[in-house]
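> Just need the structure, nothing else, for what follows:
(one chain, ligands or ions: 1)
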Amino acid sequence: MLLQCVTSQQQTNVIEMSLSPKSARWSDLTIICGSQTFQAHKVMVCSQVSYKPVALEIILTSLTQSEYFERICDSNFAEAATNTIDLSAEPLHAVQAMMIFLYGGPVEDQRQGIDVSDKLAFWVDLYTLADRAMIKRLITLAARKFQRAAEPVWASETFYKTCREIYSRLPVCTAALRGAVCAVIVKHLAFLSNRLHFETLLAETPKLAVEVTMAFGKSLTTVMCPAKGCPQLAQPWQVIGGVPKECPVCCSSWIRAAIDTEAESA
Ligand SMILES: [Zn+2]
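Residues are numbered from 1 along each chain as shown. So this is what the prediction gives:
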């Protein structure tokens, strides 16, 4: 990205400068969200030139930022004629975070003193906006940040409520976000499976139940220990995560992943 050569503080300054009224002189795109106006630059929000030093050369590639902005600016719509895009239907905090992301800045929820529910909602809002604006890297980032924010509150009613909200949306738009939800649930499944509220959530949200089951299955690895004398010899069993370093029964380091022959022959 264009801003990769500067430090974090310089980057913040550059972003503030890029989005300030002073930059209006060079701005060729106005993005409006309610009372806030961003004097933006097509070269930053549509596509950029990315450079990467490789050996003694600098490799230049074109990096699409937002397919949505690119298509609008390149269209016959009124937005292209006026160079103005109105995003007032989107939450302002999400639009602000998106603009900072497009200018290479760190994406965080800037609001102070907000509760867990608002923290989760922020990443869901940003994910939704990134999906609409077709910014692939921000979609991935928002899903990852959502997962990190949901981790400490996996047992809360707020988390259940957010799960319901996400699964009530169009499935095609929420794949990465649903993946993040399932990853959190699978990690704590042993505890959650004893909770009535979680059982109710699964019963009310069949797609979540299906995807949690699939994610749990994918988190399992079938292993076997080929060490002579091991009680587990030739008896494949399943563990969560990757192959352990040693057999938990005989402590042999020969343990390895195995194909589930029973399932294969069925
Ligand atoms: Zn063993």
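
> C-alpha from now on. contacts and neighbour counts both.
Fine.

> count of residues packed around E90?
Residues near E90, counting by other Cα atoms under 10 Å, number 15.

> longest helix of the protein?
helix 116-132 (DSSP state H).

> Can you name the residues in contact with the following helix or strand past that helix?
Scanning forward in sequence from helix 116-132 by DSSP states H and E, the next helix or strand is helix 136-150. Residues outside helix 136-150 that contact it (Cα atoms under 8 Å, 6 or more residues apart in numbering) are 65-66, 98, 101, 119-120, 123-124, 126-127, 130-131, 159, 176-177, 180-181, 183-184.

> If any of those are buried, put those into a PyMOL selection.
Applied in PyMOL, the following selects the buried portion of those according to 16 or more other Cα atoms under 10 Å:
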select buried, resi 65+66+98+101+119+120+123+124+126+127+130+131+159+176+177+180+181+183+184
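
> picking up where we left off before, now do the longest helix of the chain: which elements does it pack against?
helix 92-102, helix 136-150, helix 157-167 (3 or more Cα pairs under 8 Å, 6 or more residues apart in numbering; DSSP states H and E).

> which regions of the protein lie under the pLDDT threshold?
Applying pLDDT under 70 to the chain flags residues 1-23, 48-51, 60, 62, 259-266.

> From the ion, how far off is the residue nearest the centre of it?
Nearest to the geometric centre of the chain sits A143, at 2.0 Å (Cα atoms, centre = their mean). Per Cα to the ion, to the nearest Å, A143 is found 39 Å from the ion.

> The ion contacts on this protein?
Contact residues (Cα under 5 Å from the ion) of the chain with the ion: C225, C230, C247, C250.

> Quick one: classify the third one as helix, strand or coil.
Looking back up the chat, that one is C247. Following DSSP: H, G, I helix; E, B strand; the rest coil, C247 is assigned to coil.

> Surely it and A227 touch.
No: the criterion here is Cα atoms under 8 Å, and C247 misses it with A227 at 9.0 Å.

> what touches both of these two?
Counting by Cα under 8 Å, 6+ apart, the shared contacts of C247 and A227 are W254, I255.

> Give me the more crowded residue out of these two.
C247 (20 against 17).

> Secondary structure for the residues of the chain next to the ion - can I get that in CSV?
Shown next, in CSV, are the residues of the chain next to the ion (three-state DSSP):
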residue, secondary structure
C225, strand
C230, coil
C247, coil
C250, coil
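
> Can you tell me which of those has the most neighbours?
Within these, most neighbours by other Cα under 10 Å means C225, with 26 neighbours.

> Once you drop chain neighbours, what's closest to that one?
Distances taken as Cα to Cα, 6 or more residues apart in numbering place I255 nearest to C225, at 4.4 Å, with adjacent residues excluded.

> can you pull the contacts of the one you found?
Residues in contact with I255 (Cα under 8 Å, 6+ apart) are V223, M224, C225, P226, A227, V243, P244, K245, E246, C247.
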